[in-house]
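> based on what follows, work out the 3D shape:
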Amino acid sequence: MRSDNLKNYRRTEASAAETIGGAVEACRRMLIGISDTPSLDARVLAGHVTGLDSSAVVAYGDHRLDAKRRERLLALAQRRAAGEPVAYLVGEKEFCGLRLRVDKRVLVPRPETEEVVLAIVQDWRRSRASILDVGTGSGAIACALAHMLPLAEITATDASLAALDVARANVEQLGLSERIALLAGDLFAPLSPGQTYDVIVANLPYVATSDAALAADVRAHEPHAALFGGEDGLDTYRRLLPDAPKHLRPNGRAYLECGPGNAHALRDIARAAFPQRSVSIHEDAGGRERFVLVA
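Numbering: from 1, shown residues only. Here you go, the predicted structure:
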């Protein structure tokens with residue numbers, strides 16, 4: 001390559017590196033082999049830094065990115081490369097079409113949990129259901145149900161005051177304060193004696209403490225109290241279910257999220273608590289056994 005052409009090539013390369021697209025590509029390369037979705041992660045981080053949505057990050061890829069924002073983006077990518085979840089880095093996560101605040105005080109809401117929400121919406125969309133969300137965490141389930149079931153009345157409990165602070169921020173941000181009551185306390189403890197509901201939904205800790213399949217970044221960064229449920233993952237459900245019949249109305253339903261590895265064990269625990277009810281296992285869109293329904 002002639003010297004003048006080489007100079008032009010280097011100048012072009014340097015110019016490209018200073019663009020939004022160039023910065024995104026640098027982040028993507030940094031995350032290859034570390035993240036399962038390096039391109040998506042890079043675009044989300046770029047959107048957070050620039051204030052652009054994902055499509056605009058692509059559309060304006062040839063626009064210049066100032067040095068300060070580029071430095072900030074690369075710093076976030078380095079943290080992602082060290083295993084920190086993207087949702088914690090940007091401070092939010094989309095769930096059932098809602099943008100929810102999240103941080104290290106709560107679990108990152110999962111797509112599997114969206115399917116539990118959609119099952120409840122399908123069953124109760126035409127009713128004024130009274131719903132109890134046990135162990136609400138970020139408030140994701142409660143907020144999504146309030147948004148999708150405008151006639152429902154929702155109570156959400158959590159033993160973690162720190163998690164309830166996050167849930168409260170989400171409830172207020174979404175204008176749902178009049179629809180969702182947040183109560184502090186373990187499982188059913190905050191409820192009045194004899195208080196009953198049409199729906200009880202629980203996404204409680206269900207990961208076994210020795211689960212080798214759990215992603216390393218999840219184990220390292222997300223709150224263990226919300227993840228781990230003992231040797232088989234179901235200790236918290238064993239505390240919940242004996243008292244559940246007192247709070248579920250005769251025609252009500254309970255939706256209990258779990259993992260594919262302990263769905264059958266959770267079904268057995270639920271059957272012992274509800275011997276007169278139908279108890280079944282339901283799969284997610286990927287065919288994995290994902291939640292137990294008491295009907």
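
> now the nearest residue to residue 93 once chain neighbours are set aside: how far from residue 40?
With Cβ to Cβ, 6 or more residues apart in numbering as the criterion, residue 93 has its nearest non-adjacent residue at 4.1 Å, and that residue is residue 87. C-betas here are computed from N, CA, C, even on glycine. Applying Cβ to Cβ, to the nearest Å, the value for residue 87 to residue 40 is 12 Å.

> residue 143 now?
Distance from residue 143 to residue 40, by Cβ to Cβ: 24 Å.

> now residue 263
29 Å.

> ok, back up a step: how about the residue nearest to residue 93, phi and psi?
phi -60, psi -40 (degrees, to the nearest 10).

> tell me the contacts of it?
Contact partners of residue 87, counting by Cβ atoms under 8 Å, 6 or more residues apart in numbering, are 93, 102, 108.

> point out the ones among those that are inside helices.
Cross-referencing the contacts of residue 87 against helices under DSSP state H gives no overlap.

> buried members of those residues into PyMOL, please.
Selection of buried members from the contacts of residue 87 for PyMOL, criterion 16 or more other Cβ atoms under 10 Å:
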select buried, resi 93+102+108
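
> now render the contacts of residue 87 as a markdown table, adding distance to residue 201 and pLDDT.
Shown next, in a markdown table, are the contacts of residue 87 (distance: Cβ to Cβ, whole Å; pLDDT from 0 to 100):
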| residue | distance to residue 201 | pLDDT |
| --- | --- | --- |
| 93 | 19 | 95 |
| 102 | 19 | 97 |
| 108 | 18 | 96 |
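
> which member of the contacts of residue 87 is positioned nearest residue 195?
Sorting those by distance to residue 195 puts residue 102 at the head of the list, at 29.1 Å, by Cβ to Cβ.

> surely the closest one and residue 169 touch.
No. At 10.0 Å, residue 102 does not count as touching residue 169 under the criterion of Cβ atoms under 8 Å.

> coming back round to it: between residue 263 and residue 40, which one's more packed in?
residue 263 (21 against 14; other Cβ atoms under 10 Å).

> check contacts around the more buried one.
281, 289-292.

> quick check: the gap between the residue nearest to residue 93 and residue 106.
In terms of Cβ to Cβ, residue 87 sits 10 Å off from residue 106.
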